[in-house]
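Trainee: Sequence and computational prediction follow.
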Amino acid sequence: MDLSARYLGLSLANPVVASASPLSHTVEGVRRLARGGVGAVVLHSLFEEELDEETERQARLVEAGTESFAESLTYFPDVPDADRGAAYYLSLLERAAVAVEIPVIASLNGATPGGWTSYARQMQEAGAAALELNLYASPAAPGTPGREIEARHVDILERVKAAVSVPVAVKLSPYYTSVGEMALRLSDAGADGLVLFNRFLHPDVDPGGVAAVPSLGLSHPHEGRLPRAWIALLRRHLAIDLAGSTGVEGPEDVVRYLLAGADVVMTTSALLRHGPEHAHVLVEGLAKWMAGRGFERLGELRGLVAIPDGDDAAAHERGAYVSALREANASLQGPW
């Protein structure tokens, strides 16, 4: 059975990809993921805020007459994650890329052009097989026009694409006014792939401390429904790769994403819950499912439930919505 996959022009042994997470904060963590059986690893994200901090740090070094930026890449003691900046990230990327045989994809997380192009180029030079731009934005100003945010994100992609030659994927949120139109704009702007979706990490309110507090929860299988719906809608309209992300817990979730039309399936929460070796469970479960139905290659099942080209997507979604409500009402009424 052939489980090999192609993603961003890269050859993968299987379609299960470890998405950005604390598991890839060290070279040994990346090795564990590779041994666990994933087809590729997305290194944990380098945040825009870290780029700003790194710029300030290097400016202080230059003013003090100490080591240059290039020299600083060669010395990294074991420091807490919170203190690791862009220079450490580049060193980690360089070491991880040669430590494993699977592709290592670098990740940039931000919302403004900033220093993205410079660091994207350095990530490529450090050995990144591809780049993933995590366009995470939650505009707090009520007056910020949605079109302004969209234009900013397209601009970031175009700048990065102009700076590097490796493939570039965009990880976007489901909160655009028109996700489909934004996907088409990013495709037209040069994206080699889209990752659907990143998760909005909702803060919460602590009534005891009377304060807003950060809240980070692992995803659950039911959260995969939204990205799968959009992958099924977009599959026939985009020539670029699509990665499914969120809600991948077991092999059946991997199968669902592939049937919807995903080229690869990304997971973080399941690997954090069960350990990197859980990737073997996902891959072996996929192989077992395929064997039970006579599939020999991923291409035979990928996109089987995608919305056919030419169908009225809006009518299709409306029909599914109405059907779901009718089924829910019927089940709630019961025999009584």
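Mentor: It's in. Not measured: the values here are computed from a predicted model.
Trainee: Now A120: closest residue in space that isn't a chain neighbour?
Mentor: Leaving aside its sequence neighbours, A120 sits nearest to V160 (C-beta to C-beta, 6 or more residues apart in numbering; 4.7 Å). Glycine gets a C-beta too; all of them are placed from N, C-alpha and C.
Trainee: Contact partners for that neighbour?
Mentor: 108, 116-117, 120, 131, 133, 168 (C-beta atoms under 8 Å, 6 or more residues apart in numbering).
Trainee: can you give me the helices for the protein?
Mentor: Along the chain, the stretches classed as helices by DSSP state H are 27-36, 48-64, 69-72, 86-99, 116-125, 146-163, 179-188, 225-234, 251-260, 269-274, 278-292, 313-333.
Trainee: rank these by pLDDT, which is bottom?
Mentor: Lowest mean pLDDT within the helices of the chain: helix 69-72, a mean of 41.
Trainee: how about the helices of the chain in JSON lines, adding distance to V213?
Mentor: Listed next are these as JSON lines, based on distance: least, C-beta to C-beta, whole Å:
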{"stretch": "helix 27-36", "distance to V213": "27"}
{"stretch": "helix 48-64", "distance to V213": "19"}
{"stretch": "helix 69-72", "distance to V213": "34"}
{"stretch": "helix 86-99", "distance to V213": "27"}
{"stretch": "helix 116-125", "distance to V213": "30"}
{"stretch": "helix 146-163", "distance to V213": "26"}
{"stretch": "helix 179-188", "distance to V213": "29"}
{"stretch": "helix 225-234", "distance to V213": "25"}
{"stretch": "helix 251-260", "distance to V213": "30"}
{"stretch": "helix 269-274", "distance to V213": "20"}
{"stretch": "helix 278-292", "distance to V213": "29"}
{"stretch": "helix 313-333", "distance to V213": "34"}
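Trainee: Nearest approach to S215 belongs to which of those helices?
Mentor: Each of the helices of the chain has some distance to S215 by C-beta to C-beta; the shortest is helix 269-274, at 14.6 Å.
Trainee: what does that closest one contact?
Mentor: Where contact means C-beta under 8 Å, 6+ apart, the residues beyond helix 269-274 that reach it are 18, 21-23, 33, 36, 218-220, 248-250, 278-279, 281-282.
Trainee: what about H222, distance to R32?
Mentor: Distance from H222 to R32, counting by C-beta to C-beta, to the nearest Å: 28 Å.
Trainee: Comparing these two, which residue is more hemmed in?
Mentor: Neighbours per residue (other C-beta atoms under 10 Å) separate H222 from R32, with R32 holding more: 21 against 9.
Trainee: got the contact list for that one?
Mentor: Contacts of R32 (C-beta under 8 Å, 6+ apart): 23, 276.
Trainee: coming back round to it: just the contacts of V160 now: which is nearest G193?
Mentor: Nearest member of the contacts of V160 to G193, counting by C-beta to C-beta, is V168, at 8.0 Å.
Trainee: so the closest one bridges to which residues?
Mentor: Beta-bridge pairing of V168, defined through DSSP bridges, involves L131.
Trainee: Give me the neighbour count for it.
Mentor: The number of residues packed near V168 is 25, by other C-beta under 10 Å.
Trainee: Please verify my assumption that it contacts S187.
Mentor: No: when contacts are counted by C-beta atoms under 8 Å, V168 is not listed as touching S187 (11.6 Å).
Trainee: of the helices of the chain, which approaches P214 most closely?
Mentor: Proximity to P214 (C-beta to C-beta) singles out helix 48-64 among those, at 14.1 Å.
Trainee: How far off centre is stretch 212-230?
Mentor: Counting by C-alpha atoms, centre = their mean, to the nearest Å, stretch 212-230 is centred 13 Å from the centre of its parent chain.
Trainee: Pull up the distance across that stretch, start to finish.
Mentor: One end of stretch 212-230 to the other measures 32 Å (C-alpha to C-alpha, to the nearest Å).
Trainee: How about stretch 18-38?
Mentor: Counting by C-alpha to C-alpha, the length from the leading to the trailing residue of stretch 18-38 is 6 Å.
Trainee: Same check on stretch 33-46?
Mentor: 19 Å.
Trainee: what distance separates it from the centre of its chain?
Mentor: What separates the centre of stretch 33-46 from the centre of its chain is 12 Å, taken as C-alpha atoms, centre = their mean.
Trainee: what comes up buried for that stretch?
Mentor: Along stretch 33-46, the positions that meet the burial threshold by neighbour count (16 or more other C-beta atoms under 10 Å) are 33-34, 36-46.
Trainee: What of stretch 179-192?
Mentor: Going by 16+ other C-beta under 10 Å, stretch 179-192 has these buried residues: 179, 182-183, 185-187, 189-192.
Trainee: gap between that stretch and the chain center?
Mentor: Its chain's C-alpha centre and that of stretch 179-192 lie 16 Å apart, by C-alpha atoms, centre = their mean.
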